[in-house]
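K.L.:
Quick check, what structure comes out for this input:
(one chain, ligands or ions: 1)
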Amino acid sequence: MRQTLVVGNWKMHGSRASVAALLGEVVGSLPAGAAETAVCPSYVHLAQALELCEGSAVAVGAQDCSHMQSGAYTGEVSAQMLVDMGCRWVILGHSERRQYHSESDNLVAAKLGAAIEAGLRPIVCVGETREQRESGEEEIVVARQLRGALDGQISLAGLVVAYEPVWAIGTGLTASPEQAQAMHAFIRKCLVDVNGIDADATRVLYGGSVKADNAAELFAQQDIDGALVGGAALKAGDFLAIVGAGHG
Ligand code: PEP
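P.N.:
Below is the predicted model:
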């Protein structure tokens, strides 16, 4: 049985005060026997989050990393630096990185390679736009993104995939549990063809307007193994309810 994983993607939100308040509540009230839990604050709040989560069941990750290991790359943060700080997870290929920073499948693959080499646990995001879904291309797009990121990697043990339909991110629109399940089953089928992956053991998270009141129904689907949560991860009560909807 795959343990549910709930990951909060805080995006570019937060201050020292709000991070302290949010994590104080999350760490202090994490339900027993619930989902495995991680939070991904901005780079500048990582050290504070790591300190606040120390000794708790809440792991900390980053929202991105460089594809390079070190060198003259102004503004970049390497996977090795994140490991050195104590980060366990990294989100890669989020649709906002693809949209606003022109990240290609090749770049996502290079970042994934760097994360794997450094020992970070990667969460690779895939998902189609509304136009792509309306023209019936969603499976083609997702299969291409998966192949583009995963083919040729040295090791994919522990990989997590997040299916995030772009039309459901931050919009309040959620894929129905049936729509999400269908795509998750398709993703698992694609993973069977990737060398070095145990498709049955690989967790596939859903992301896109997951809330306290729809998490349980999503998690009840056979191939939905947790959630990548944006907006609702910024409210302790909502995030804890989503975590509580999963199983340990
Ligand atoms: C996300 O950005 O990963 C996300 C799923 O956002 P939201 O939950 O706000 O839709």
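K.L.:
Now do the contacts for residue 144.
P.N.:
If you count contacts by CB atoms under 8 Å, 6 or more residues apart in numbering, residue 144 has them with residue 105. Where you see a C-beta, it was placed from the backbone N, CA and C, and this is true even at glycine.
K.L.:
Contacts only, for residue 87.
P.N.:
Contacts of residue 87 by CB under 8 Å, 6+ apart are 46, 50, 60-62, 120.
K.L.:
6 Å - rerun?
P.N.:
Applying CB atoms under 6 Å, 6 or more residues apart in numbering to residue 87 gives the contacts 60-62.
K.L.:
again, but for residue 244
P.N.:
31, 34.
K.L.:
run the last query once more with 8 Å
P.N.:
Residue 244 sits next to 31, 34-35 when contact means CB under 8 Å, 6+ apart.
K.L.:
Looking at the contacts of residue 87, which is nearest the ligand?
P.N.:
Nearest to the ligand among those is residue 61, at 12.5 Å by CB to the nearest ligand atom.
K.L.:
and that closest one, that one's in a strand?
P.N.:
Yes - residue state for residue 61 (DSSP: H, G, I helix; E, B strand; the rest coil) corresponds to a strand.
K.L.:
where does this structure dip in pLDDT?
P.N.:
Along the chain, no part satisfies pLDDT under 70.
K.L.:
Minimum distance to the ligand, which residue of the chain gives it?
P.N.:
When scored by CB to the nearest ligand atom, the chain has residue 230 as its residue closest to the ligand, at 2.1 Å.
K.L.:
Could you double-check that that residue lies in contact with residue 168?
P.N.:
No - using CB atoms under 8 Å, residue 230 makes no contact with residue 168, being 10.2 Å away.
K.L.:
Now the residue of the chain closest to the ligand: closest residue in space that isn't a chain neighbour?
P.N.:
Closest residue to residue 230 apart from its sequence neighbours, by CB to CB, 6 or more residues apart in numbering: residue 9 at 5.2 Å.
K.L.:
Residue 106 too?
P.N.:
residue 148 (6.7 Å).
K.L.:
what helix or strand is the one you found on?
P.N.:
According to DSSP states H and E, residue 148 maps onto helix 138-150.
K.L.:
The helix or strand following that helix: partners in the sheet, and parallel or antiparallel?
P.N.:
Along the chain past helix 138-150, the next helix or strand (assigned with DSSP H and E) turns out to be strand 160-163. Strand pairing for strand 160-163, using DSSP bridges, gives strand 121-126 (parallel), strand 203-207 (parallel).
K.L.:
That'll do, ta.
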